[in-house]
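Engineer: Curious how this folds, go ahead:
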Amino acid sequence: MALQGSQGLQGLLDGKVVLVNGGSQGVGAAIARAAVREGATVAVSGRRPEPGEALVAELTAAGGKAMFVRADLADAEQAKGSVAEVVAAYGRIDCLVNSAGLTSRGTLLDTTPELFDQHIAINLKAPFFAMQAAIADMVGRGAPGTVVNIITSSAHGGQPFLAPYVAAKAGLIGLTRNAAHAHRWDRVRINGLNIGWTATEGEDATQKTFHGAADGWREQAAAKLPMGKLGQPDEIADFVVLLLSDRSGVVTGSVIDWDQNVLGGLD
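Structural biologist: Model (predicted):
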């Protein structure tokens, strides 16, 4: 059984232990597939066991090594616990990807404190404490490591209906750079990826739930985009694997805009 996605690079993650938080579907699942394809042992976390265990079954059937960690990342202790489970299972963690994201809608005027707290919990607090646990393991072992945070191009300003999402993800940009600076002498490289509009299961549900989209919305949206398609999870995954690997060299503290809209460009 062949893993979905591109044909692979060059065993970029051979022997690495990788945790993809929020990895049971969408971009996270694509990253897990790419990491296994590139030789990593992969753990994926999520709240719901069904998609997580199905993904692990897919990866192991293809000859990979994978495990599922059940965790509600909105709980900081469970975010830290996701790392602890990986270290307990494999003895260490080499790479962390924070891919979980909450995109429920809210404007500045109608966002409730409860909704705001939900966004902070998933989009900022969870990455913070997962990074805390992962980097503590790396530093404790005196070993290098890498972290990639999946952020969003909307963090530069975003749509009015994404106010709490933008607030939390903009915080994650600052955290990414702060942590990268703090741990550069530990040889822990930390980078972020500001992804644009992406074709995932979660985005499909969001479009239908919040915007009344019909089944053909992807094709209609793609026709209005410069490259004629939405961002593809497998393409994002290959980029993330490169950032996790030694082939990305010394780069750290970078927050890369992975999108087809050019910031500052005007028609």
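
Engineer: burial of the closest residue to residue 259 other than its chain neighbours, as a residue count?
Structural biologist: In this structure, residue 259 finds its nearest non-sequential neighbour in residue 196, 3.2 Å apart by C-beta to C-beta, 6 or more residues apart in numbering. C-betas here are computed from N, CA, C, even on glycine. Using other C-beta atoms under 10 Å, residue 196 is surrounded by 16 other residues.

Engineer: Quick check: next helix or strand after the one helix or strand in the chain whose mean pLDDT sits lowest?
Structural biologist: Ranked by mean pLDDT, DSSP states H and E, the weakest helix or strand in the chain is helix 201-211, scoring a mean of 69. Moving toward the C-terminus from helix 201-211, the first helix or strand encountered (DSSP states H and E) is helix 217-223.

Engineer: looking only at pLDDT, what's the mean for that next one?
Structural biologist: Computed over helix 217-223, the mean pLDDT rounds to 77.

Engineer: tell me the angle the next helix or strand after that helix makes with helix 201-211.
Structural biologist: Later in the chain than helix 217-223, the nearest helix or strand by DSSP H and E is helix 233-244. Put simply, helix 233-244 runs at 120 degrees to helix 201-211, going by axes from the mean of the first three to the mean of the last three C-alpha atoms, to 10 degrees.

Engineer: Show me how far the following helix or strand past helix 233-244 is from its chain's centre.
Structural biologist: With elements assigned by DSSP H and E, the helix or strand that comes after helix 233-244 is strand 255-258. Relative to the chain's own centre, strand 255-258 is displaced by 13 Å; criterion: C-alpha atoms, centre = their mean, to the nearest Å.

Engineer: strand partners of strand 255-258, parallel vs antiparallel please.
Structural biologist: Here strand 255-258 has these sheet partners by DSSP bridges: strand 188-195 (parallel).

Engineer: if you average pLDDT over the partner strand, what comes out?
Structural biologist: Across strand 188-195, pLDDT averages out at 97.

Engineer: Done for today, thanks.
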